[in-house]
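Novice: Just the structure for this:
(chains A, B and C)
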Amino acid sequence: MAIITLTTDFGTSDGYVGAMKGVIMRLAGSHPAPAIIDLAHDIPPGDIPHAAWVVATSTTEFPHGSIHVVVVDPGVGGARREVIVRARGRWYVGPDNGVFAYLAERSGEAYAIENDRFRAEHVSRTFHGRDVFARTAAAIASGEDPAAAGPRVELAGRLPWGPRERAVGRIVHIDRFGNLITDLPEAEAGAAVTVAGLTLPIAGTYEQVEPGEVLAYIGSAGTVEIGVRDGRADRRLALPPGGEVFPAPAAPAERLGPYR
Amino acid sequence: MAIITLTTDFGTSDGYVGAMKGVIMRLAGSHPAPAIIDLAHDIPPGDIPHAAWVVATSTTEFPHGSIHVVVVDPGVGGARREVIVRARGRWYVGPDNGVFAYLAERSGEAYAIENDRFRAEHVSRTFHGRDVFARTAAAIASGEDPAAAGPRVELAGRLPWGPRERAVGRIVHIDRFGNLITDLPEAEAGAAVTVAGLTLPIAGTYEQVEPGEVLAYIGSAGTVEIGVRDGRADRRLALPPGGEVFPAPAAPAERLGPYR
Amino acid sequence: MAIITLTTDFGTSDGYVGAMKGVIMRLAGSHPAPAIIDLAHDIPPGDIPHAAWVVATSTTEFPHGSIHVVVVDPGVGGARREVIVRARGRWYVGPDNGVFAYLAERSGEAYAIENDRFRAEHVSRTFHGRDVFARTAAAIASGEDPAAAGPRVELAGRLPWGPRERAVGRIVHIDRFGNLITDLPEAEAGAAVTVAGLTLPIAGTYEQVEPGEVLAYIGSAGTVEIGVRDGRADRRLALPPGGEVFPAPAAPAERLGPYR
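Specialist: Purely as a prediction, here's the structure:
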């Protein structure tokens, strides 16, 4: 059974996600029917870096051969290319606007194919999720060869910040809990990190600090995260995505007490 | 494999959607198990026209024979009838309160059956999604004959605005991105439209106007939409659902610049 | 086909739910593939009583043998135990922090097993949903014996309010529509209830009161609920979860008119 996941900024109050699912079930429903799996539909509208991080850190849990559709596409109808990406034994389908940037950065062997073939005869100007990307996923699930979709190309989509340099991390994602997630891997972090003038030792658990205190720890993506015990780091530190974090020698924590 | 989609205003923080899915899997799980597909659960509470548009524009992408349950039912327990609707080769299950109005308007051959048979022995007063509609969908997925549910009836549910007259469109949906979606079809729109005193040429892509500018274009439902490039039309124009839009001769755009 | 439902406070904008689904499809995808069913992902962050009510009132609609994963886990990485619970012929997987409290209270024969076996070799400190609970569900779906996960234990997780005493109910859940749901069963409610100094007769339908008026009625869980016709009871009465409600002799309603 083919697996198709959907990641979009379409939300859950309109019919856009439903239309994509309908296309997939109509075109691939009998091969046998794929499992359509919602990954995340409340990506903030147009937030390409947010989508890129979600895709890179969750899809690689799926089995090889799974198909991952990403539709965060503020430039729909414009010049950005449509691509199929092969990375870590899985297929990705979406616009070449940066949504695959972290995935490519974290997967040495990724390559992209321009997606010219698997589209509706009449493609609307504003909904390529339905008219191009869902159809492409259905075609791959039905046994069509993605390599036949078009020529190999270099991914052109970039994030607002470039690839990471050694010994510096960036805040790449702020999650629902207000945690600031960086791309600084555990191996480079050492015993502490510096962010926004604060030096924070890498804690083992939230319970090592008092409620309301800021802490750094290794998150579930294997990178440094900044959090607040029983609170929200995004409200305490107000650091935007792209902000930098540096490894630091272990030091007595300059603690931010609660309610400051 | 039967396909059952769910469209509700139950949100994703309570157990109501889960209870409906449980009923379907319990009653139809072995026939073989249907694919239960979430269509949209964050329909604004009680917003019947919103649900009606979502259902009409997304469910027809699904294959023939698919079953679509719609539970936006502010009058639950009151006088409105419960129906099964047949339209475009698909089955629809829900209250007769207007949620099927666009579907019937856009599908010449639609007909309705009063749904008297496929319900729990004890029906709660507030949750017919679980006790009537989910059970009806499970019954149809299990091979029961919908025609045996009750007599044929005329749909009584109406929207706040009547059926569309020729050469006038109404704003029928405001989507997550703030676009104002009308029911004026491309064929009647001509080269421009007038809305709220503005005359807007029908643009080909968002990129034909400057960021922050209002534009009209043909949306994914094949009808005129009003949007703002990199912005929200609902905040700029403040036109409620039901507001009218008229075809206009092409004219130099009376542009609304950004930040006005 | 195994059924696995997911209830979390992870929301629908991050990759956490997707990662759990990926683990389940990777580990259990070929046995044959389980049906993964979203129950609710917008449980308010860390709100254990909210999750406990959702789980208790919706999962028992599913067929026997279904597997229900609950990840509302503010103490992740700390001292709370991880458990598998057997109740009403179904399996539950999650932290022992109270999320199974209503389920156990409403199911005489529930028992718990400490979950020591079905986990990743390397378990992250902050994401046991992926590294412990999803893997446990996949193991059970693949035919592993839950009884082999560890010793039987007593559930330690408690809610802020204790078990209910006879002839008193508590507000245990506030739903998306603003209804105040209590745990006072229909059989104990009698003809009216007293809450916050108001005596409210148990109404049959919303239509028995005027728009904007407060009413009590028997909700879909078989317990008393407090609502406002065409309005929100949570905004009118401002009663927090845990607030008490008492059976009362039937009395002329002390009505709260609209707009007061």
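
Novice: And the pLDDT at A:G78?
Specialist: With respect to pLDDT, A:G78 has a value of 84.

Novice: burial of it, as a residue count?
Specialist: Counted with other Cβ atoms under 10 Å in any protein chain shown, residues neighbouring A:G78 total 13. Yep, even glycine has a C-beta here, placed from its N, CA and C like the rest.

Novice: now do the one 3 residues further on
Specialist: Residues near A:R81, counting by other Cβ under 10 Å, number 16.

Novice: Who are the contact partners of it?
Specialist: A:95-96, A:114-115, A:153, A:156 (Cβ atoms under 8 Å, 6 or more residues apart in numbering or on different chains).

Novice: try it again with 10 Å
Specialist: Contact analysis of A:R81 by Cβ atoms under 10 Å, 6 or more residues apart in numbering or on different chains lists A:95-97, A:112, A:114-116, A:150, A:153, A:155-157.

Novice: and the stretch 101-250 of chain A, which residues reach chain C?
Specialist: A:173-179, A:181, A:203-208, A:217-222, A:225, A:227, A:229-230, A:232 (Cβ under 10 Å from any Cβ of the partner chain).

Novice: switch the cut-off to 6 Å
Specialist: Within the stretch 101-250 of chain A, the positions near chain C by Cβ under 6 Å from any Cβ of the partner chain are A:175-177, A:205, A:207, A:219-220.

Novice: Show me what counts as buried in the helix of greatest length in chain A.
Specialist: Counting residues, the longest helix in chain A under DSSP state H turns out to be helix A:16-28. By 16 or more other Cβ atoms under 10 Å in any protein chain shown, the buried positions in helix A:16-28 come out as A:16-28.

Novice: same thing with stretch A:83-98?
Specialist: A:83-88, A:90-98.

Novice: now do stretch A:194-203
Specialist: Quick answer for stretch A:194-203 (16+ other Cβ under 10 Å): A:194-195, A:198-203.

Novice: could you dump the residues you listed to CSV with pLDDT?
Specialist: Below are these laid out as CSV (pLDDT from 0 to 100):
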residue, pLDDT
A:T194, 94
A:V195, 92
A:L198, 90
A:T199, 92
A:L200, 93
A:P201, 91
A:I202, 93
A:A203, 90
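
Novice: OK, contacts around A:G150?
Specialist: The neighbours of A:G150, taking Cβ atoms under 6 Å, 6 or more residues apart in numbering or on different chains as the test, are A:113-116.

Novice: same check, this time on A:G77
Specialist: By Cβ under 6 Å, 6+ apart, the contact list for A:G77 reads A:125, B:205.

Novice: Same question for A:V72.
Specialist: Residues near A:V72 by Cβ under 6 Å, 6+ apart: A:9, A:43, A:48, A:51, A:99.

Novice: Skipping its backbone neighbours, what lies nearest it in space?
Specialist: In this structure, A:V72 finds its nearest non-sequential neighbour in A:A51, 4.0 Å apart by Cβ to Cβ, 6 or more residues apart in numbering or on different chains.

Novice: Distance check, that neighbour against C:R236.
Specialist: Distance, A:A51 to C:R236, using Cβ to Cβ, to the nearest Å: 40 Å.

Novice: what about these two, which has more around it?
Specialist: A:A51 (30 against 19).

Novice: for the helix or strand hosting A:R135, which positions count as buried?
Specialist: Per DSSP states H and E: A:R135 is located in helix A:134-141. Across helix A:134-141, burial judged by 16+ other Cβ under 10 Å covers A:134-141.

Novice: Please determine how far A:F246 is located from chain C.
Specialist: 22 Å (Cβ to the nearest Cβ, to the nearest Å).

Novice: And what about that residue, helix, strand or coil?
Specialist: strand (DSSP: H, G, I helix; E, B strand; the rest coil).

Novice: does it really touch A:A192, like I thought?
Specialist: No - contact criterion Cβ atoms under 6 Å: A:F246 and A:A192 do not qualify, at 9.7 Å.

Novice: Comparing the two, which residue is more hemmed in?
Specialist: A:A192 (21 against 16).

Novice: what's the first-to-last distance across stretch A:85-97?
Specialist: 12 Å (Cα to Cα, to the nearest Å).

Novice: What average pLDDT does it get?
Specialist: 97.

Novice: now do stretch A:129-138
Specialist: In this model, stretch A:129-138 has a mean pLDDT of 98.

Novice: is it up against chain B anywhere?
Specialist: No - counting by Cβ under 6 Å from any Cβ, chain B has no neighbours in stretch A:129-138; the shortest distance is 6.6 Å.

Novice: Who are the contact partners of A:I226?
Specialist: A:I226 touches A:180, A:216, A:233, counting by Cβ under 6 Å, 6+ apart.

Novice: Mind listing the residues bridging to it?
Specialist: For A:I226, the beta-bridge partners under DSSP bridges are A:L180, A:A216.

Novice: And for A:T5?
Specialist: A:I37, A:H68.

Novice: So it sits against A:D38, correct?
Specialist: No - the pair A:T5 / A:D38 is not scored as a contact, 7.5 Å apart, by Cβ under 6 Å.

Novice: So A:P49: helix, strand or coil?
Specialist: Quick answer, by three-state DSSP: A:P49 is helix.

Novice: one step back: and which of the buried residues of helix A:134-141 is nearest to C:A167?
Specialist: A:A134 (55.8 Å; Cβ to Cβ).

Novice: wait, what's in contact with A:R130?
Specialist: If you count contacts by Cβ under 6 Å, 6+ apart, then A:R130 has A:19-20, A:23 around it.

Novice: And the contacts of stretch A:205-224?
Specialist: If you take Cβ under 6 Å, 6+ apart as the criterion, stretch A:205-224 is touched by A:57, A:181-186, A:189, A:193, A:200, A:202-203, A:225-231, A:255-256, A:258, C:77-78, C:124-127.

Novice: dump the residue contacts of the closest residue to A:A147 other than its chain neighbours.
Specialist: Sequence neighbours aside, A:I113 is the residue nearest to A:A147 in space, at 6.4 Å (criterion: Cβ to Cβ, 6+ apart). Listed by Cβ under 6 Å, 6+ apart, the contact partners of A:I113 are A:84, A:149-150, A:152.

Novice: can you pull out the strands in the stretch 101-250 of chain A?
Specialist: Applying DSSP state E, counting those that start in this stretch to the stretch 101-250 of chain A gives strands spanning A:111-114, A:152-153, A:169-174, A:180-185, A:192-195, A:198-203, A:214-218, A:223-228, A:244-248.

Novice: which stretch among those comes nearest C:D145?
Specialist: Here strand A:214-218 is closest among these (Cβ to Cβ), at 33.3 Å.

Novice: Distance from that closest one to the middle of the chain?
Specialist: Relative to its chain's centre, strand A:214-218 lies at 21 Å (Cα atoms, centre = their mean, to the nearest Å).

Novice: export it as CSV, just CAs?
Specialist: What follows is strand A:214-218, C-alpha atoms only, in CSV (Å, rounded to 0.1, in the frame of the first residue of the first chain):
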residue,chain,number,x,y,z
VAL,A,214,15.0,29.7,30.4
LEU,A,215,17.0,26.6,29.5
ALA,A,216,18.8,25.0,26.6
TYR,A,217,18.5,21.3,25.9
ILE,A,218,18.9,18.8,23.0
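
Novice: returning to what we had before: right, and the pair among the residues of the stretch 101-250 of chain A next to chain C with maximum separation?
Specialist: Among these, A:R176 and A:E207 lie farthest apart (Cβ to Cβ), at 21.0 Å.

Novice: Looking at the two, which has the bigger crowd around it?
Specialist: A:R176 (17 against 14).

Novice: In contact with that one: list those residues for me.
Specialist: Going by Cβ under 6 Å, 6+ apart, A:R176 touches C:11, C:14.
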